[in-house]
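1. sequence unknown, structure follows:
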DNA sequence: ATAGGGTTAG
């Protein structure tokens, strides 16, 4: 399709009130802008899903573990399994001995990082693994592995472990990097301590990590992503002279306002950006476009998008070069229009992008599939799934999860399970979300056994560790039947989640405790209380 | 891993 026909279509539109700022006359445009805008067949505690049995998930005569010989690629899987199976004591020396037996002399950083990521949802084990490696004389740790460990210590809210890791990394001649400070800032922000995040940033040069604009930008980004846009902005004001802001700086702040659905503020930032002589980028426009949808300003989004197209067609490379919609803009449109209930328009934009010479990506298909699942029928979403496969795209885990969720929501549990199998067959590893979706819906259907069964299989080879959501879903489900055995299962889940570094909400903990007391499981209840005592530091900060 | 595009369920 030629630009001419589009042009005429566009010129028929009513006069726009919203314009993409043009560099030629930034002021005038912006002035008009800123105004607006296991199968427990028999629920017997002895018949728990494997992970709840006292350790040892694969018995050695399990045929599935004996088959395939270890390959380069599943080395991280095998090692992570070994760490999880390593029972009993938390002495790094014991595990260090096993590791030095089990494995190569060399522990390349990539391998270590992959194992740690696999163990991510068992923070204590992941840290034990890393500390054990540090005991091997030949081990040369990498900064990236220290960063992962520091991140985990922060997530486990263990400042002592964190300080120790910082000390150890210095000892290995690895000063903290900008990434390290980003991790720490993010932890402070998640804990509701923005001032500490800022102070940690200010301390960087003193700790051997020089400041620059990019480190400043990442602090602003972390502040904005945790909704402290005002704070980010005043920090920018205060330090403007030390860190001369660039387009990214302004994009970060604009995005912060957009996340709070305050598009007028985002437009003000845009104006200030242009006033200080910084040219908005395509990212800037995509941020705004998404912002309009987030704020429910569908008409504004449509108008903004059409201005992007209109200006993008101009020959003038300065005013048009950076606002022609790209695949991200189109994906934003497909997603936004669909969520707003305008499926026809969404599909139209999807088809139009190809005419415009912009090929959809996997995320574009994901956006379309998601909105069809939500506002249309899963059947149609699967047609799009088939279409993308036919065109040679490889669906990723997000794609599968969307279809599986759609099927679950439509009550098509069996078909959802078939998609899980298909996912494995196509060697797209199911992730924890995949399992969470299926477990949740099985439980909602009243098929708690099926949920527990999935919980049991998710830990198998090529599986993944449960996270907080997994435990929350299953523990809640244990209260739908009024069986004493279920309380024991719930209690074991609470014990296991705490051992893996996940904090149950106070409400959940007390509910399980009461359940155990009411069903005559005083002993187990006492054990949980003792555990809570041991984890006092954790228990005190039970999430709100 | 310096910014933009896909995942709760209600």
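-> Great, that's in hand. Owing to the predicted nature of the structure, the values given are computational and were not obtained by experimental measurement.
2. which parts of the stretch 401-544 of chain A sit against DNA strand B?
-> A:401-402, A:405, A:408-409, A:431, A:433, A:437, A:440-441, A:444 (CB under 7 Å from any atom of the strand). Bear in mind the C-beta positions are built from the backbone N, C-alpha and C, glycine included.
3. wait, which of the residues you listed is closest to DNA strand B?
-> The nearest member of these to DNA strand B, counting by CB to the nearest atom of the strand, is residue A:433 at 3.4 Å.
4. Next one: that closest one from residue A:274, what distance?
-> Distance of residue A:433 to residue A:274, given as CB to CB, to the nearest Å: 40 Å.
5. Could you point out which residue ranges in the stretch 51-200 of chain A have low pLDDT?
-> A:51-73, A:88, A:103-104 (pLDDT under 70).
6. circling back to that earlier point, of the residues of the stretch 401-544 of chain A next to DNA strand B, buried ones?
-> By neighbour count, with 16 or more other CB atoms under 10 Å, these hold A:401-402, A:405, A:408, A:431, A:433, A:437, A:440-441, A:444 as buried.
7. can you tell me which of those lies nearest to residue A:288?
-> residue A:402 (26.0 Å; CB to CB).
8. my guess is the closest one contacts residue A:366, does it?
-> Yes. Counting by CB atoms under 8 Å, residue A:366 is a contact partner of residue A:402 at 6.2 Å.
9. Show residues contacting the strand or helix carrying residue A:198.
-> Per DSSP states H and E, residue A:198 falls inside helix A:194-202. With CB atoms under 8 Å, 6 or more residues apart in numbering as the test, helix A:194-202 has contacts from A:181, A:184-186, A:188-189, A:215-216, A:219, A:222-223, A:226, A:228, A:231, A:235.
10. May I ask which of those has the most neighbours?
-> Counting neighbours by other CB atoms under 10 Å, residue A:219 leads these with 29 neighbours.
11. isn't that residue right next to residue A:186, touching?
-> No. Using CB under 8 Å, residue A:219 is not in contact with residue A:186; the gap is 9.9 Å.
12. Show me what from the stretch 201-350 of chain A comes close to DNA strand B.
-> A:213-214, A:217-218, A:221, A:246-248, A:251-252, A:255, A:281-284, A:286-287, A:290, A:326-329, A:331-332, A:335.
13. Now, of those residues, which are buried?
-> Buried, going by 16+ other CB under 10 Å: A:217-218, A:221, A:248, A:251-252, A:255, A:281-284, A:286-287, A:290, A:326, A:328-329, A:331-332, A:335, out of these.
14. Can you pick out the ones from these that are in helices?
-> A:217-218, A:221, A:248, A:251-252, A:255, A:282-284, A:286-287, A:290, A:328-329, A:331-332, A:335 (DSSP state H).
15. picking that back up, mind listing what's buried in the helix holding residue A:198?
-> A:194, A:197-198, A:200-201.
16. Now flag whichever of those is closest to residue A:105.
-> Relative to residue A:105, the closest of the buried residues of helix A:194-202 is residue A:200; by CB to CB it sits at 36.9 Å.
17. measure that closest one to residue A:220 for me?
-> Distance of residue A:200 to residue A:220, given as CB to CB: 14 Å.
18. in the stretch 101-250 of chain A, which spans are helices?
-> For the stretch 101-250 of chain A, the helices defined by DSSP state H, counting those that start in this stretch occupy A:109-118, A:123-135, A:143-155, A:159-171, A:178-190, A:194-202, A:213-225, A:229-239, A:247-259.
19. quick one, the last one and helix A:213-225 angle?
-> On the basis of axes from the mean of the first three to the mean of the last three CA atoms, to 10 degrees, helix A:247-259 is oriented at 0 degrees to helix A:213-225.
20. now do the second one
-> Between the axes of helix A:123-135 and helix A:213-225, defined by the same axes, to 10 degrees, the angle is 160 degrees.
21. now the first one
-> Put simply, helix A:109-118 runs at 10 degrees to helix A:213-225, going by the same axes, to 10 degrees.
22. Buried residues, helix A:109-118. List them.
-> Buried, per 16+ other CB under 10 Å, within helix A:109-118: A:111-116, A:118.
23. Nearest to residue A:153 among the residues you listed?
-> Nearest to residue A:153 among those, counting by CB to CB, is residue A:116 at 11.9 Å.
24. Give me the buried stretch members for stretch A:410-429, please.
-> Those would be A:412-413, A:415-417, A:419-420, A:423, A:428, for stretch A:410-429 by 16+ other CB under 10 Å.
25. re earlier: taking the residues of the stretch 401-544 of chain A next to DNA strand B one by one, which sit in helices?
-> A:401-402, A:405, A:408-409, A:433, A:437, A:440-441, A:444.
26. Can you name the two of those residues that sit furthest apart?
-> Maximum distance among those (CB to CB): 18.2 Å, for A:402 and A:444.
27. Leaving aside the residues adjacent along the chain, what's closest to the most centrally placed residue in chain A?
-> With distances taken as CA atoms, centre = their mean, residue A:433 lies nearest the centre of chain A, 10.0 Å away. Nearest residue to residue A:433 in three dimensions, chain neighbours excluded: residue A:401, at 5.5 Å (CB to CB, 6 or more residues apart in numbering).
28. who are the neighbours in contact with the one you found?
-> A:431, A:433-434, A:437.
29. and the stretch 51-200 of chain A, which residues reach DNA strand B?
-> A:144, A:147-148, A:178-179, A:182.
30. residue ranges of the helices in the stretch 251-400 of chain A, please?
-> Along the stretch 251-400 of chain A, counting by DSSP H, counting those that start in this stretch, helices occupy A:263-275, A:282-294, A:298-312, A:317-320, A:327-339, A:343-355, A:362-375, A:378-390, A:397-409.
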